[in-house]
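Undergrad: Structure, please.
(2 chains)
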Amino acid sequence: MHHANHYYGHSHVLARYCGYESDLPLLRGYLQHGWNIGDGMAPDHEFTPGIPSFVWSERTRRRAWSMGRRQLYVTGSPWAYLVAMEPDEPQTREGTIYYPFHGWEGQHVQGDHDRLIDEIKATETGPVTVCLYWQEFRTPRVRRRYEEAGFRVICHGYRGGWWKDLDPQFLARQLAEQRRHQRVASNRLCSAVFYGVLAGCEPAVYGDPMQLDGEKDLFGGRGRIRRQWADLHGAEVDPDTARAITVEELGADRLLSPAELRHLLNWKKDA
Amino acid sequence: MTALLLGGEMPHWSDSSPVGGDVLREVLRTVGGDTLVVGPHDPELVAAIGSRQVTVLLRGALDAEAYEGLPGVQVCCGSLEKLASVPAYDTVVALDGLDRTASTEGADLSWSEGLDRLLRVLRPGGRLLLGHANPLGLHRLYGTAAAAGDADWVVTAGDTTRPAGLFELCERLHASGLTVSRDYAAYPDPVRPTTLLSRTALADPERHGVLTSALRRAGLPAGPLLADPRPLAAELLRHGLATALAPSWLVVAAFPSHQAPPLPAILPAGPEPAGRCLHDELLTAARRGDRPAMRAMLTAWQSGDAAGVPADAIVVDAAGRLHPLTGPAKDPVLHRLADALRDEGQGDETAELLAAMAGTEVAPLPVAVPETLREGSAAHDRLAARVTDLQSQLLWYESRTATLQADLARANRIIAVLKATPGGRAAKAVLDGARTGKRLARAAVRRIKAK
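TA: The predicted structure follows:
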């Protein structure tokens, strides 16, 4: 229904959970595709009246309601469904996976990569994997800086856009990668950090938070994130607190049965 | 002025329709010392607070701007749970109650937990002014269906810690060590009350007239209504339900050693003559068909000094003397009484008839369209009956006209027949001759005059 539903293969994860093997059924509604502090959807998201929105958490539902949105359903995040479907095998976890804050298509980040690299080196004791957004991964200048610092540099893939180049395996790759690490970290609290916590990593948020060109602090912005989720900031974070917050933010305690989810997403059982 | 962010604030939010109005301003004039105002209050109310050390706690960051420029006012944004539990205030004002102190970002506090937060910031001897909306208030019972608004992200129904009445509210405060100095039933709207009636006043039979008048003159709650609640005023008092069915309650309570004198038992304060409300006395006489009593009261009212004061603002004492509670009204008072007689199901006396009974005269006015559903549907029924009546009258006139036309045609035919008989012709010749003679005579006179 909306191209953003398929970002990072989100709709594919839900389809798999609901028992669809290959063809992706048409999803009637809007899926929240990233953690945010507004109504769950991107600021430029267009809404068709009467089409439901599926948000990750009860907190997001309340906030979206207060912003005038209706037909809101808390489904939990696709990531939480994926983690539930892929039990964690016993494996050796080592080092830290670090996600430098990225812009999206058409956005440019201002900040000092070298200073960030120094902060990572000063904080992390084990090996470091840096996961770049596809744009930065394809920019040799940026990529080389992290490689020269001795970090392993990876990219989970392209999120897909406008129903093209969709990547149903994006989240599965991310989960497998995160489960190889002891820690997950970023210079801003973001989806990837929450994902890492649910994947069993200890989280950390530190380092120059960088800035997007012309970035507006919507809904209280970075200041509010640092105050409202203060417990998740710092080089060392209490894992139990982090887990409790993450379960709530990703709606991992709110997962629906396949039958209920199919009903909400308007997926017919034998489609 | 920059708002202090406590956490849990809603950056995009503004609470529409904050609590406000003149009578609450009167209450807040008595407030002194370091004061904390919790929840959405009209900036005019905050400006009325006697003290100049005022802190306002709001959940919506957008509302902070409204307090800019108020001297001595500091605005904090956040949810109630984030308020530091330090006894820093002499007075806590929460006239809007606790329902609009939680944010989408904070935890849901029960009503009782919310109250504890307020009490924890009060100094020894400190005073609390607390509002509490009544879900069974007349404004709800007479309200129409309304879709959930943006503020209803959760509905607090089912909170068993929430006091279910004014008595329970006072008991809860008492259990926390406070002494209640005033407990008011607030009418007609929880957000903008115009009248506060204490339980002491409501229990006093001497004040029946003043209380009925106050309830009648309180006005209507905001929003579309199923019916006008004002006609219930006297019955609410007689049945002891004015507190139970009040749209909201307001309590003034203090920790021991608080010194300030209590607020008046009825607000807005004014004269309190013993007796009955003239409006209801007139209605009762009309219902009983007691025309002589009606005539006597109307005459006494309209021939005296209070002729311009509405009947619902006059108290009649045991000796029949009239005590006006307000000045003259802008609206014509007899038309208002006639409307009330009609809307309250008593008779079809027009203002002109009431005036004749009182020995005066008034001109008719166009009928006003009622705003409430029941009165609107009654107006519709009256009009429908009137249309049926007029149709019957029209049919009667049509048949009467048809009869008259038939009679006329018959008469014309008789005349034509008579003209054709010899007698008729002779009569015509005489008449024609007479006309000719008259013409000749006039011509002769003209000629003579011309000479």
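
Undergrad: which one is the residue nearest the centre of chain A nearest to, not counting chain neighbours?
TA: Nearest to the geometric centre of chain A sits A:Ser191, at 2.9 Å (CA atoms, centre = their mean). Leaving out its chain neighbours, the residue that sits closest to A:Ser191 by CB to CB, 6 or more residues apart in numbering or on different chains is A:Trp35, at 4.4 Å. Every residue, glycine included, has its C-beta placed from N, CA and C.

Undergrad: give me every residue that touches B:Leu263.
TA: Shown in contact with B:Leu263 (CB atoms under 8 Å, 6 or more residues apart in numbering or on different chains): B:Val27, B:Thr30, B:Ser181, B:Arg182, B:Val252.

Undergrad: of all these, which comes closest to chain A?
TA: The nearest member of the contacts of B:Leu263 to chain A, counting by CB to the nearest CB, is B:Val27 at 29.9 Å.

Undergrad: From the contact counts, what lies against whichever helix or strand the closest one is part of?
TA: Assessed by DSSP states H and E, B:Val27 sits inside helix B:22-28. When contacts are defined as 3 or more CB pairs under 8 Å, 6 or more residues apart in numbering or on different chains; DSSP states H and E, helix B:22-28 packs onto helix B:43-48, strand B:195-198, strand B:266-267.

Undergrad: And the last one, how far out from the chain middle?
TA: Strand B:266-267 has its C-alpha centroid displaced from the chain centroid by 17 Å (CA atoms, centre = their mean, to the nearest Å).

Undergrad: Name every strand pairing with the next helix-or-strand element following that strand and say which way it goes.
TA: Using DSSP H and E, the next helix or strand after strand B:266-267 towards the C-terminus is strand B:276-277. Strands that pair with strand B:276-277, judged by DSSP bridges, come out as strand B:314-316 (antiparallel).

Undergrad: And the contacts of the partner strand?
TA: Applying CB under 8 Å, 6+ apart, the contact partners of strand B:314-316 are B:209-210, B:213, B:273-279, B:281, B:297, B:301, B:306, B:322-325.

Undergrad: among the contacts of B:Leu263, which one has the lowest pLDDT?
TA: Least confident of the contacts of B:Leu263 in the model: B:Thr30, at 90.

Undergrad: what's the most distant pair in the contacts of B:Leu263?
TA: B:Val27 and B:Ser181 (12.0 Å; CB to CB).

Undergrad: how far away is the closest residue in space to B:Pro328 that isn't next to it in sequence from chain A?
TA: Distances taken as CB to CB, 6+ apart place B:Gly308 nearest to B:Pro328, at 3.0 Å, with adjacent residues excluded. As judged by CB to the nearest CB, to the nearest Å, B:Gly308 and chain A stand 48 Å apart.

Undergrad: residues touching B:Gly308, list them.
TA: Counting by CB under 8 Å, 6+ apart, the residues that B:Gly308 touches are B:Gly327, B:Pro328, B:Ala329, B:Val333.

Undergrad: Go through chain B and flag its longest helix.
TA: Longest helix in chain B, counting residues (DSSP state H): helix B:373-420.

Undergrad: Quick check: neighbours of the next helix or strand after the helix holding B:Val27 in the sheet, parallel or antiparallel?
TA: Counting by DSSP H and E, the next helix or strand C-terminal to helix B:22-28 is strand B:35-38. Partners of strand B:35-38 in the sheet, by DSSP bridges, are strand B:54-58 (parallel), strand B:89-94 (parallel).

Undergrad: Show me how far strand B:35-38 is from its chain's centre.
TA: With CA atoms, centre = their mean, you get 30 Å for strand B:35-38.

Undergrad: got the contact list for it?
TA: B:45-46, B:49, B:51, B:53-57, B:80, B:83, B:88-94, B:96, B:98, B:101, B:118, B:121.

Undergrad: Mind doing that once more with 6 Å?
TA: B:46, B:49, B:51, B:54-57, B:89, B:91-94, B:101 (CB atoms under 6 Å, 6 or more residues apart in numbering or on different chains).

Undergrad: Can you pick out the most distant pair from the residues you listed?
TA: Longest span within the contacts of strand B:35-38, CB to CB: B:Ser51 and B:Thr101, 21.0 Å.
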